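> here are the coordinates; sequence isn't available:
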């Protein structure tokens, strides 16, 4: 069974204090690893998809990386507007298009 | 959220009533998914549909829940005889194709069901 574990569950940062969120996964044949951002009362907002170990993608202050066992979401010099829950999900090769999600990391960036 | 439209956004039902949640995918997307998010839990896959076909319903409860995606009109998630445990956020998502690299899945804003 595909599994996704995210850590930490919650993270509090000062504005400008860089950090990383972790997503560990076990999946039978990874087709894609997805990162989403979710604000309270809203739906998940797509950030990145990574497909193979060694791949990296960047968007503004966010950078996602992928190894064979885990993915990191690096946040550089965060701002209060980066506060949200960040969700990681995997899509297995033989599982159709189904995504298996972790429970997320709740990030709060303070002034 | 790339245009996945869900309604209603909030729905209150009494125990035993029926709930119908509607989802219009991104224009041009032919694949629709439903996920459920219970309080303090992660998103859980329920069902994957293409037009007029259920492709994977491995996450759907065996009773009271059904989904359809007709040739015309939105996808519908139907919950019959709702119970308090059905209270959750239900998210619809869509994608343009299947089984291909680059198949990004976009989510709607969700429908929040409260059973009283």
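Here it is on my side, so go on. Just so it is clear, the structure is predicted and the values come from calculations on it, not from any experiment.
> Point out where chain B drops to low pLDDT.
B:1-2, B:98-102 (pLDDT under 70).
> those strands in it, which residues are they?
Assignment of strands within chain B using DSSP state E yields the ranges B:5-7, B:10-13, B:19-24, B:31-37, B:43-50, B:53-56, B:65-68, B:75-79, B:88-95, B:106-107, B:111-115.
> List just the one of those strands that sits closest to residue A:63.
strand B:106-107 (21.7 Å; C-beta to C-beta). Just so you know, the C-beta spots here come from the backbone N, C-alpha and C atoms, and that holds for glycine as well.
> quick one: that closest one near chain A?
Yes: shown here: strand B:106-107 in contact with chain A (C-beta under 8 Å from any C-beta of the partner chain) through B:106, B:107.
> Distance from the chain centre to that strand, please.
For strand B:106-107, the distance between its averaged C-alpha position and the chain's averaged C-alpha position is 11 Å (C-alpha atoms, centre = their mean, to the nearest Å).
> Stretch B:82-90 too?
How far stretch B:82-90 lies from its chain's middle: 13 Å, per C-alpha atoms, centre = their mean.
> Next, count neighbours for the residue nearest to residue A:100 when sequence neighbours are not counted.
Spatially, and ignoring its direct neighbours in sequence, residue A:100 is nearest to residue A:2 (4.3 Å; C-beta to C-beta, 6 or more residues apart in numbering or on different chains). Counted with other C-beta atoms under 10 Å in any protein chain shown, the burial measure for residue A:2 works out to 17 neighbours.
> what do you get for residue B:65?
For residue B:65, the tally of surrounding residues (other C-beta under 10 Å) stands at 19.
> thinking it is in contact with residue B:76, fair?
No: assessed by C-beta atoms under 8 Å, residue B:65 is found out of contact with residue B:76, at 11.4 Å.
> coming back round to it: and the residue nearest to residue A:100, what is it in contact with?
Neighbouring residues of residue A:2 by C-beta atoms under 8 Å, 6 or more residues apart in numbering or on different chains: A:25, A:26, A:27, A:28, A:90, A:92, A:95, A:100.
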